[in-house]
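Asks: Need a 3D model of the following:
(one chain, ligands or ions: 1)
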Amino acid sequence: MQILDGKIVSQAVKDAIKIKTEAAKSAGKKTPHLAAILVGSNGASETYVASKVKSCEEVGFKSSLIRLADTITEAELITAIEELNADLDVDGILVQLPLPKQISEAKIIGLIHPDKDVDGFHPMSIGKMVQGLPTFIPATPYGILLMLEHYKIDTKGKHAVVIGRSNIVGRPISILLSRNAYPGNCTVTVCHSHTHNLKEICLQADIIVAALGIPGFLTADMVKENAVVVDVGITRVKDDTKKSGFAIKGDVDFANVAPKCSYITPVPGGVGLMTIAALLMNTFNACEQK
Ligand code: GUN
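Replies: Presented below is the predicted three-dimensional model:
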């Protein structure tokens with residue numbers, strides 16, 4: 001069993017971005033600039049956005065954090081996005097999800113200029129991704145691809161089972177893994193809360209992507225010997241032994257599943273770190289394409 005180490009791979013990606021950013025700046029090009037909007041004070045969202053902003057600094061990007069109250073109206077958030085769309089210095093815009101219930105996420109995502117859509121959530125970006133055209137790929141699926149590529153994991157002709165059908169992870173990774181590309185060329189099964197015989201389907205999988213957000217959901221009896229397991233879960237669970245008062249748990253029962261796997265991602269230290277590295281890649285590319 002080999003660990004797919006998000007720390008090592010994300011650092012390699014960030015090092016490469018840092019070198020490219022320094023070279024671009026030396027050549028007189030502008031500094032990539034990511035603007036993040038955080039609405040409200042959801043603890044997990046605070047942590048994610050703080051890591052994204054810190055990672056921008058690490059690779060030499062400029063970043064702006066726009067904090068808005070969770071009582072904000074949809075119209076006010078739209079105005080904030082329009083300002084960032086019009087700001088020539090801003091290359092990438094990300095609106096951290098989830099948003100408060102008075103705001104339509106679909107409407108907000110659809111208003112981000114597609115050239116600045118570094119989260120890859122705009123219908124234009126998703127449409128291009130489905131057609132295999134160059135575009136921004138959502139950060140978590142993109143991070144998973146970078147991880148599979150780094151470890152040269154054979155994906156061609158493999159049966160990949162994706163558990164979860166969210167717009168952010170499950171749906172896009174299922175499309176990407178079925179593309180005629182590397183990593184890709186998988187036969188993909190998408191499973192969700194209405195799937196019958198989930199265990200039997202998982203037992204047929206060469207690759208499992210667990211992206212449903214239920215801690216410890218994927219147990220050893222659902223995984224065949226030598227499978228590749230990618231754990232996308234990052235749920236906070238109460239843990240009084242931790243200073244923060246919580247621990248981060250993945251969707252996989254790691255202790256019992258790992259011994260059966262050829263490769264597995266840990267949580268923390270796996271896919272989460274790759275998401276940030278992929279977001280930086282998208283931001284660098286957004287700047288280059290200007
Ligand atoms: N919330 C959970 N994951 C993500 C992500 O990748 N991007 C944004 N903007 N919000 C999220």
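
Asks: Where does residue 47 fall, secondary structure wise?
Replies: Using DSSP states H and E, residue 47 sits within helix 43-59.

Asks: Tell me which residues of that helix come out buried.
Replies: 45, 48, 49, 52, 53, 55, 56, 59 (16 or more other CB atoms under 10 Å). Backbone N, C-alpha and C define where each C-beta goes, glycine included.

Asks: Could you count how many residues lie near the residue in the stretch 151-290 of the chain positioned nearest to the ligand?
Replies: Taking CB to the nearest ligand atom, the ligand has its nearest neighbour within the stretch 151-290 of the chain at residue 168, 5.2 Å off. The local packing of residue 168 (other CB atoms under 10 Å) involves 19 other residues.

Asks: would it count as being in a strand?
Replies: No: using DSSP: H, G, I helix; E, B strand; the rest coil, the secondary structure at residue 168 is coil, not a strand.

Asks: ok, so what distance separates it from residue 215?
Replies: 18 Å (CB to CB, to the nearest Å).

Asks: Residue 174 now?
Replies: 22 Å.

Asks: In terms of packing, which of those two has more residues around it?
Replies: residue 174 (22 against 17).

Asks: and the helix or strand harbouring that one, what does it pack onto?
Replies: Using DSSP H and E, residue 174 sits in helix 170-178. Judged by 3 or more CB pairs under 8 Å, 6 or more residues apart in numbering; DSSP states H and E, helix 170-178 is in contact with helix 123-130, helix 139-150, strand 159-163, strand 187-191, strand 207-210.

Asks: neighbours around residue 10, how many?
Replies: 26.

Asks: State the pLDDT value of it.
Replies: The score at residue 10 is 98. That number is its pLDDT.

Asks: now swap in residue 20 and tell me
Replies: 98.

Asks: That one contacts residue 284, doesn't it?
Replies: Yes: between residue 20 and residue 284 a contact is recorded at 6.4 Å, counting by CB atoms under 8 Å.

Asks: what number of residues lie near the nearest residue to residue 66 once chain neighbours are set aside?
Replies: The spatially closest residue to residue 66, leaving aside those adjacent along the chain, is residue 37, at 4.7 Å (CB to CB, 6 or more residues apart in numbering). A total of 22 residues lie near residue 37 under the criterion other CB under 10 Å.

Asks: give me phi/psi at residue 37?
Replies: phi -110, psi 130 (degrees, to the nearest 10).

Asks: Mind listing the residues bridging to it?
Replies: residue 66, residue 95 (DSSP bridges).

Asks: mind listing what it touches?
Replies: 66, 68, 77, 80, 81, 84, 93, 94, 95, 96 (CB atoms under 8 Å, 6 or more residues apart in numbering).
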